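Enquirer: prediction below, plus the sequence it came from.
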Protein chains: 4
Amino acid sequence: MKETVRFGISLEGQLLNSFDELIHSKGYDNRSEAIRDLIRNSLVEEQWHEKDEETVGTVTLVYDHHTRELSDKLTEHQHSHHEAIISSMHIHLDAHHCLEVVVMKGKSRVIKKLADELISTKGIKHGKLVTTTTGKFL
Amino acid sequence: MKETVRFGISLEGQLLNSFDELIHSKGYDNRSEAIRDLIRNSLVEEQWHEKDEETVGTVTLVYDHHTRELSDKLTEHQHSHHEAIISSMHIHLDAHHCLEVVVMKGKSRVIKKLADELISTKGIKHGKLVTTTTGKFL
Amino acid sequence: MKETVRFGISLEGQLLNSFDELIHSKGYDNRSEAIRDLIRNSLVEEQWHEKDEETVGTVTLVYDHHTRELSDKLTEHQHSHHEAIISSMHIHLDAHHCLEVVVMKGKSRVIKKLADELISTKGIKHGKLVTTTTGKFL
Amino acid sequence: MKETVRFGISLEGQLLNSFDELIHSKGYDNRSEAIRDLIRNSLVEEQWHEKDEETVGTVTLVYDHHTRELSDKLTEHQHSHHEAIISSMHIHLDAHHCLEVVVMKGKSRVIKKLADELISTKGIKHGKLVTTTTGKFL
């Protein structure tokens, strides 16, 4: 089991009031949870600067599925890096547009490279990489 | 059908060389595709400043599924905004950690609010919203 | 005088170790200071979503001062919004390139508009807006 | 002299209309200038991933100058990296708050380290690094 530790922090009353308002509007139950999230975000961000760190990313792609050969190319890219791809999900946004989310696990440099390849494929209208975490060190 | 237009742009040879190198390393086939992506990104970014625009977002969540009541709470949040949620995907990263991707469609203010609620749920280790697009205006 | 309050937060020992490492590498003296910075950043970010909030921004511009009429245009933009501009600093990076930092104070929508105008001026090679704060509410 | 080259790009009429609207609202004179800015931004961003690249950054700091020893510490940090610091500008925002902009030139890893040190100094209320460019390769 993970042991929980407790420590005190001090800050100006005015700053704390502003923070309490913010986290209330975001739906947090308590300050500890909100501060843990700020801490974890700063760690995940740092981790992605280390190119050989094992981590997790998701790419969100929006495209018109009528674009010639696009589906074939996307499938091809994914197969050529199949060891890094865990899963993908496909959604029909309307008669023309699809949204695809690809979840990847591996070294951050590999995930970035594969994300670049997918996003740069002709016909992709918008693509973005989310750099997240395996959760292990958090 | 969408008509394609063509126009010329001018830039310094040195700048073009640097750009050609960059897009080659990212895997683009040609300059038009790379420039279209830059243009679309700038439009999608702008669109998310308009709070009443109909759009699409995905939230990536990483959490330890042993956290008490977490799955129930996530399901509850999603049901209370079911009209904005299109689909979600669940992945078992290891014995403890799950990754969940939730795809939402609706006004950007609604998507942001729902994303805040999901990310602030106690037990979520990392959460991030991708602001993308319905593809329609691109 | 601003009163200081103290409260306790709890988190997993492993997470705290990672955070201690991170803040040590960034040069923080103690956790309170590092956490206050995370809190203030989240507040400043939120504030910039409110378009009528009084705030402070700096624009960094890099350009070749040989570009015809560029200096005149920059001066003109700044004068047409002189009430929003507090000060600017000019640096000669090399024989060709200048860096200019313009500090602005006013409603966030006004600062953004002026920053857009400065950055879009023909001949500016790179421009970026930093959205900061008057410091008052932090 | 830098030679200018011209080339054609093709895109959907609808996308071009949206882009024309966007760049008009941002104050661009023409499409070439707006597209050059998108290209330069993508190059500057890439450059900052290379830790040994010679480049330029500015740090914006907001603080209460009544904080004990803060000015001394900031001066000390700057002197210990004096070879990387080109210049700094100081502004009195109100009776309590100062804004300081520090311009640095050097390897991106050195600039980031110095920026971290300045931002993490006790008493700094908000600090942000702008990663820009020497302008040379753009």
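Expert: Looks like it arrived, so ask away.
Enquirer: return the distance of A:Leu93 relative to A:Ile86.
Expert: When C-beta to C-beta, to the nearest Å is the yardstick, A:Leu93 and A:Ile86 sit 23 Å from each other. Every C-beta, even on glycine, is put in place using the N, C-alpha and C of the backbone.
Enquirer: equivalent analysis for A:Asn41, please.
Expert: Summarising the geometry, the distance separating A:Asn41 from A:Ile86, computed by C-beta to C-beta, is 22 Å.
Enquirer: neighbour count: A:Leu93 and A:Ile86, which is higher?
Expert: Neighbours were counted for A:Leu93 and for A:Ile86 using other C-beta atoms under 10 Å in any protein chain shown; A:Leu93 has more, 21 against 17.
Enquirer: correct me, but the more buried one touches B:Met104?
Expert: No. The criterion here is C-beta atoms under 8 Å, and A:Leu93 misses it with B:Met104 at 11.5 Å.
Enquirer: what is in contact with these two at once?
Expert: B:56, B:86 (C-beta atoms under 8 Å, 6 or more residues apart in numbering or on different chains).
Enquirer: could you tell me how many residues sit around A:Ile91?
Expert: The burial metric for A:Ile91, expressed as a neighbour count using other C-beta under 10 Å, is 17.
Enquirer: would it count as being in a helix?
Expert: No. When classified by DSSP: H, G, I helix; E, B strand; the rest coil, A:Ile91 is found to be strand rather than part of a helix.
Enquirer: and the gap between it and chain C?
Expert: 28 Å (C-beta to the nearest C-beta, to the nearest Å).
Enquirer: quick check: closest non-adjacent residue to that residue.
Expert: When the adjacent residues along the chain are set aside, A:Ile91 lies closest to A:Leu99, with 4.5 Å between them (C-beta to C-beta, 6 or more residues apart in numbering or on different chains).
Enquirer: where does chain A have its least confident helix or strand?
Expert: Of all the helices and strands that make up chain A, the one with the lowest confidence by mean pLDDT, DSSP states H and E is helix A:70-80; it has a mean of 88.
Enquirer: check contacts around the closest residue to A:Gln47 other than its chain neighbours.
Expert: Distances taken as C-beta to C-beta, 6+ apart place A:Glu53 nearest to A:Gln47, at 5.3 Å, with adjacent residues excluded. With C-beta under 8 Å, 6+ apart as the criterion, the residues that contact A:Glu53 are A:47, A:107-108.
Enquirer: make a ChimeraX selection of the buried ones in those residues.
Expert: Here is the ChimeraX command that selects only those of the contacts of A:Glu53 that count as buried (16 or more other C-beta atoms under 10 Å in any protein chain shown):
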select /A:47,108
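Enquirer: for the contacts of A:Glu53, which one is nearest chain D?
Expert: Lowest distance from chain D to the contacts of A:Glu53 (C-beta to the nearest C-beta) belongs to A:Ser108, with 11.2 Å.
Enquirer: which ones are touching A:Trp48?
Expert: For A:Trp48, the contact set (C-beta under 8 Å, 6+ apart) comprises A:55, A:108, A:131.
Enquirer: how about those in CSV, adding secondary structure and pLDDT?
Expert: Formatted as CSV, those follow (DSSP: H, G, I helix; E, B strand; the rest coil; pLDDT from 0 to 100):
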residue, secondary structure, pLDDT
A:Thr55, strand, 92
A:Ser108, helix, 91
A:Thr131, strand, 92
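Enquirer: count the neighbours of A:Gly49 for me.
Expert: One thing to correct before we go on: residue A:49 is His, not Gly. By other C-beta under 10 Å, 11 other residues sit near A:His49.
Enquirer: hang on, it in a helix?
Expert: No. Under three-state DSSP, A:His49 falls outside any helix and is assigned coil.
Enquirer: on that earlier part again, check whether the least confident helix or strand of chain A contacts chain D.
Expert: No. Counting by C-beta under 8 Å from any C-beta of the partner chain, no contacts exist between helix A:70-80 and chain D, the nearest distance being 15.1 Å.
Enquirer: helices or strands up against that helix?
Expert: strand A:54-64, helix A:108-119 (3 or more C-beta pairs under 8 Å, 6 or more residues apart in numbering or on different chains; DSSP states H and E).
Enquirer: ok, so of the contacts of A:Glu53, who is nearest D:Asp64?
Expert: For the contacts of A:Glu53, the closest approach to D:Asp64 (C-beta to C-beta) belongs to A:Gln47, at 32.7 Å.
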